[in-house]
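Participant: got a structure for you, letters missing:
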């Protein structure tokens with residue numbers, strides 16, 4: 001049994017990791033801020049520690065004696081967050097986590113959960129699938145902060161701390177609220193394609209993501225970077241049609257040119273900044289739905305034995321079933 005400390009355990013991915021690790025018999029400790037909602041882990045046998053990744057002095061006590069540290073905390077991409085805020089939480093916060101880990105009396109293995117978004121969108125050709133050796137090309141504040149955190153992690157690897165970096169991509173599934181809006185929009189028949197809907201994303205079901213991450217944590221090479229993704233990239237049209245089928249509603253059909261969608265999102269963000277109300281579509285969202293993003297998990301397959309098990313249709317149906325059971329759809 002290992003002592004495992006998880007930052008961000010009240011979030012979707014961190015919580016799923018906490019559930020699985022306790023089921024495996026590990027001694028799981030979670031770092032939470034005083035205002036964090038602990039409801040998702042109330043029935044899970046974890047040890048709670050109050051702390052904040054932006055405050056180094058709050059990390060020493062929770063990390064003491066840790067065998068593994070999983071750094072899952074961070075600011076997700078959303079409208080209205082400044083570049084400085086992303087950097088303070090995602091980059092500087094990661095430095096604090098690694099600094100506290102390095103200062104301990106033991107040398108824990110640390111897994112930093114990054115994002116395949118650090119590679120940016122694919123602009124030039126359809127036959128390129130980025131891998132872990134591809135150059136970083138972040139295209140928005142969130143991605144830039146995650147790329148900066150990766151560079152910090154590699155600095156600590158050079159100094160001798162065994163850090164593993166994993167890059168999941170578009171994680172979804174039961175327990176997730178971040179993409180619930182997409183399901184609701186399709187259910188209400190308000191979803192539209194930006195462009196022709198043939199741009200690709202790379203959905204990864206939560207169970208596959210957790211399995212791949214734990215393989216990396218346990219057997220990954222220190223300093224190694226591993227893409228943990230679903231079996232294949234899919235066009236947004238296929239994703240939307242899969243969700244519509246699971247919801248038993250007609251598939252989306254409307255197509256909006258990207259310039260028009262971008263103009264509309266700009267206006268919505270302006271209104272959102274004035275009112276404080278979250279916007280249904282941001283400029284970052286327009287970019288996401290109109291760009292090609294994908295990567296290969298070949299390295300994780302060869303070195304870790306990772307192989308995603310849940311296909312898109314099954315994963316979407318499981319998600320819809322969970323949302324309905326929770327009264328969210």
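Facilitator: Good, I have the coordinates. Computed from a predicted structure; not experimentally measured. Numbers count the residues shown, from 1 in each chain.
Participant: helix or strand for residue 184, which one?
Facilitator: helix 180-187 (DSSP states H and E).
Participant: heading C-terminal from that helix, find the next helix or strand.
Facilitator: As assigned by DSSP H and E, the chain's next helix or strand after helix 180-187 is strand 193-194.
Participant: let me know the average pLDDT across that following strand.
Facilitator: Throughout strand 193-194, pLDDT has a mean value of 90.
Participant: how close does residue 35 get to residue 106?
Facilitator: 30 Å (Cβ to Cβ, to the nearest Å). From N, CA and C alone the C-beta is placed, and that goes for glycine too.
Participant: so which of these two has more stuff around it?
Facilitator: residue 106 (11 against 5; other Cβ atoms under 10 Å).
Participant: where along this protein do the helices fall?
Facilitator: For the chain, applying DSSP state H gives helices covering 12-23, 60-63, 83-86, 92-102, 141-158, 180-187, 206-219, 236-247, 258-275, 283-290, 298-304, 312-325.
Participant: now tabulate the ones you listed in CSV and tack on mean neighbour count and mean pLDDT.
Facilitator: Formatted as CSV, these follow (neighbours: other Cβ atoms under 10 Å; pLDDT from 0 to 100):
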stretch, mean neighbour count, mean pLDDT
helix 12-23, 21, 95
helix 60-63, 18, 93
helix 83-86, 15, 90
helix 92-102, 22, 96
helix 141-158, 20, 95
helix 180-187, 18, 93
helix 206-219, 21, 97
helix 236-247, 20, 96
helix 258-275, 14, 75
helix 283-290, 20, 80
helix 298-304, 17, 96
helix 312-325, 17, 97
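Participant: wait, which of these is closest to residue 122?
Facilitator: Among the helices of the chain, the nearest to residue 122 by Cβ to Cβ is helix 283-290 (12.2 Å).
Participant: show me what that closest one is packed against.
Facilitator: Judged by 3 or more Cβ pairs under 8 Å, 6 or more residues apart in numbering; DSSP states H and E, the packing partners of helix 283-290 are strand 193-194, helix 258-275.
Participant: sorry, back to before: among the helices of the chain, which is nearest residue 5?
Facilitator: Nearest of the helices of the chain (Cβ to Cβ): helix 60-63, 5.6 Å.
Participant: what residues does the closest one touch?
Facilitator: Here helix 60-63 makes contact (Cβ atoms under 8 Å, 6 or more residues apart in numbering) with 5, 29, 31, 49, 51, 69, 100, 101, 103, 104, 108.
Participant: about what we covered before: now distance to residue 61 too, for the helices and strands packed on helix 283-290, in a markdown table please.
Facilitator: Below are the helices and strands packed on helix 283-290 laid out as a markdown table (distance: least, Cβ to Cβ, whole Å):
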| stretch | distance to residue 61 |
| --- | --- |
| strand 193-194 | 47 |
| helix 258-275 | 39 |
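Participant: go through these and name the closest to residue 302.
Facilitator: strand 193-194 (35.5 Å).
Participant: list the strands paired with that closest one, with their directions.
Facilitator: Applying DSSP bridges, strand 193-194 is found paired with strand 255-256 (parallel).
Participant: who's in contact with the strand it pairs with?
Facilitator: Applying Cβ under 8 Å, 6+ apart, the set of residues contacting strand 255-256 is 192, 193, 194, 195, 196, 197.
Participant: ok, the first one touching residue 252?
Facilitator: Looking back up the chat, that one is residue 192. Yes. Counting by Cβ atoms under 8 Å, residue 252 is a contact partner of residue 192 at 6.3 Å.
Participant: quick one, which of the two is more surrounded?
Facilitator: Between residue 192 and residue 252, residue 252 has the larger neighbour count (other Cβ under 10 Å), namely 20 against 16.
Participant: so what's that one up against?
Facilitator: By Cβ under 8 Å, 6+ apart, the neighbours of residue 252 are 186, 189, 191, 192, 193, 240, 241, 244.
Participant: hang on, the earlier thing: of the contacts of strand 255-256 - the most surrounded one?
Facilitator: With neighbours defined as other Cβ under 10 Å, the most crowded of these is residue 194; it has 24 neighbours.
Participant: OK, contacts around that residue?
Facilitator: 255, 256, 257, 258, 261, 286, 289, 290.
Participant: ok, now with 7 Å
Facilitator: Residues in contact with residue 194 (Cβ atoms under 7 Å, 6 or more residues apart in numbering) are 256, 258, 261, 286, 289, 290.
Participant: quick check, nearest of the residues you listed to residue 13?
Facilitator: Distances from residue 13 to the contacts of residue 194, taken by Cβ to Cβ, are shortest for residue 289, at 21.9 Å.
Participant: ok, what's across the strand from the closest residue to that closest one other than its chain neighbours?
Facilitator: Leaving aside its chain neighbours, residue 289 sits nearest to residue 194 (4.5 Å; criterion: Cβ to Cβ, 6 or more residues apart in numbering). Beta bridges link residue 194 to residue 256, judged by DSSP bridges.
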